[in-house]
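>>> task: produce atomic coordinates for the following.
(one chain, ligands or ions: 1)
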Amino acid sequence: MTLKTRLTELLEIEHPIIQGGMAWTATAELAGAVSNAGGFGIIGAGHMPTALLREQIHLAKELTDKPFGVNLMLLTPHIDEIVEMVLEEKVHAVTTGAGNPGKYMSALQDRGIKVLPIAPSVALAKRLEAAGADAIIGEGMEAGGHIGDLTTMVLTPQLVDAVEIPVVAAGGIADGRGVVAAFALGAEGVQIGTRFMCAEECTIHEDVKARILKAKDRDTVVTGRSTGHPVRVLKNKLSKQIMALDLENRPEEIEALGAGKLANCMCRGDVDEGSLMAGQCASMIDSIMPAQEIIATILAEAESVMRAMPGRIG
Ligand code: TUI
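Sure thing, here's the model as predicted:
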């Protein structure tokens, strides 16, 4: 089955599935595999040094001839340098997270780079549309990592009503049912993160994948609320320490404790004392598959859900 929307047209992709731009997780290998499978692969910049991100972009260009992008994490201190490099390398599109990309929008678009900001609220989405965004990714609080307050179910239809540009639903989507639900809410595409952490091509430590496969429905928790940057993670020793500091309202200590812990977890497999960022749908994932198979499975499920629907109309 193929689903054609304004998003597939915008990004020149076969399927309206964007891969989440997960820091230290969404590497060139994963992005290349997702793009080769007809989705939109993304390299997560996170706090990555500029030179390393450039190498990642070069590697992705070797791994795929199809369009792929970079997620810009706007809180990183060297974001201006990262944007300069992305302008030189000229990827197909960027998604942005953790801030307002307004000041970079025209420079990126002047180079032919599409801009798809992630927005956790209607007000920000409207501002970004006015600033010229090509599409909006509405990320609900089911997602892993840094999140807003609204659920995908409530955020998506309100974004669809508020803006004219295509809306991509994100947060909590891991299978074909989620894709159909997102489309029912008016989305023209989905962003999937956690499920792709369990892609064969995802280079994160195997112990992290094992934790995701083992996760149950209530195993994630939102840490760091006192810092102003709440982050959803799978519960572990670090999340307990951060929750305790949150209760005592000690944000500086949380920032210090969290530094470097995402890379420790994803790259080095420190699943107990590292930052195990993952979405609520971790508990819906029960196997490791190639990215191509993940996309094919999700699309086949979506098709069978949609084909079952007309028969239900009385
Ligand atoms: O960005 C994400 N997810 C992330 S970023 C990240 S790295 C990090 N680590 C610790 C603390 C903070 C970040 C890990 N996961 N998702 C997209 C997303 N963007 N979620 C929420 C937002 C967001 C929040 C506020 C986007 C814009 C925004 O705007 C505020 C403003 O400036 O108007």
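>>> helices of this protein, start to end?
Secondary structure of the chain (DSSP state H): helices at 6-11, 28-36, 50-63, 79-89, 102-110, 122-130, 152-162, 176-184, 194-197, 206-214, 237-247, 251-258, 261-268, 291-308.
>>> can I get the fourth one in PDB, CA atoms only?
Looking back up the chat, that one is helix 79-89. Taking C-alpha atoms only, helix 79-89 is exported to PDB below (Å, rounded to 0.1, in the frame of the first residue of the first chain):
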ATOM      1  CA  ILE A  79      23.800  25.400  17.300                       C
ATOM      2  CA  ASP A  80      24.900  28.300  15.100                       C
ATOM      3  CA  GLU A  81      28.000  26.400  14.000                       C
ATOM      4  CA  ILE A  82      25.900  23.300  13.400                       C
ATOM      5  CA  VAL A  83      23.500  25.200  11.200                       C
ATOM      6  CA  GLU A  84      26.400  26.700   9.200                       C
ATOM      7  CA  MET A  85      27.700  23.200   8.500                       C
ATOM      8  CA  VAL A  86      24.200  21.900   7.600                       C
ATOM      9  CA  LEU A  87      23.900  24.800   5.100                       C
ATOM     10  CA  GLU A  88      27.200  23.700   3.500                       C
ATOM     11  CA  GLU A  89      26.300  20.100   3.400                       C
END
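>>> tell me what it is packed against?
Here helix 79-89 touches helix 50-63, strand 68-73, helix 102-110, going by 3 or more C-beta pairs under 8 Å, 6 or more residues apart in numbering; DSSP states H and E. C-betas here are computed from N, CA, C, even on glycine.
>>> out of the ones you listed, flag the one nearest G20.
Shortest distance between G20 and these, using C-beta to C-beta, is found for strand 68-73: 7.7 Å.
>>> compute the inter-axis angle for that closest one and helix 79-89.
170 degrees (axes from the mean of the first three to the mean of the last three C-alpha atoms, to 10 degrees).
>>> from the contact counts, what lies against strand 68-73?
helix 28-36, strand 41-44, helix 50-63, helix 79-89, strand 93-97.
>>> for L262, find the nearest of these.
Here strand 41-44 is closest among the helices and strands packed on strand 68-73 (C-beta to C-beta), at 10.1 Å.
>>> could I get the average pLDDT for that closest one?
Strand 41-44 shows a mean pLDDT of 98.
>>> hmm, back to that, okay, the helices of the chain in TSV with mean pLDDT and mean neighbour count next?
TSV is the format used below for these (pLDDT from 0 to 100; neighbours: other C-beta atoms under 10 Å):
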stretch	mean pLDDT	mean neighbour count
helix 6-11	98	20
helix 28-36	98	25
helix 50-63	98	16
helix 79-89	98	17
helix 102-110	97	16
helix 122-130	98	17
helix 152-162	98	19
helix 176-184	98	20
helix 194-197	98	28
helix 206-214	98	17
helix 237-247	98	17
helix 251-258	97	16
helix 261-268	98	20
helix 291-308	97	18
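>>> take those and lay them out in CSV including distance to M277.
Listed next are these as CSV, based on distance: least, C-beta to C-beta, whole Å:
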stretch, distance to M277
helix 6-11, 25
helix 28-36, 15
helix 50-63, 19
helix 79-89, 20
helix 102-110, 24
helix 122-130, 21
helix 152-162, 17
helix 176-184, 19
helix 194-197, 9
helix 206-214, 10
helix 237-247, 10
helix 251-258, 11
helix 261-268, 6
helix 291-308, 19
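>>> quick one: contacts for the nearest residue to Q56 once chain neighbours are set aside?
Nearest residue to Q56, sequence neighbours excluded (C-beta to C-beta, 6 or more residues apart in numbering): A28, at 4.5 Å. With contact taken as C-beta atoms under 8 Å, 6 or more residues apart in numbering, A28 is in contact with I43, Q56, I57, L59, A60, L63.
>>> up against the ligand, what does the stretch 1-150 of the chain have?
Proximity of the stretch 1-150 of the chain to the ligand (C-beta under 6 Å from any ligand atom) is limited to residues 23, 46, 73, 75, 97-100, 118-120, 124, 139, 145-148.
>>> lovely, talk soon.
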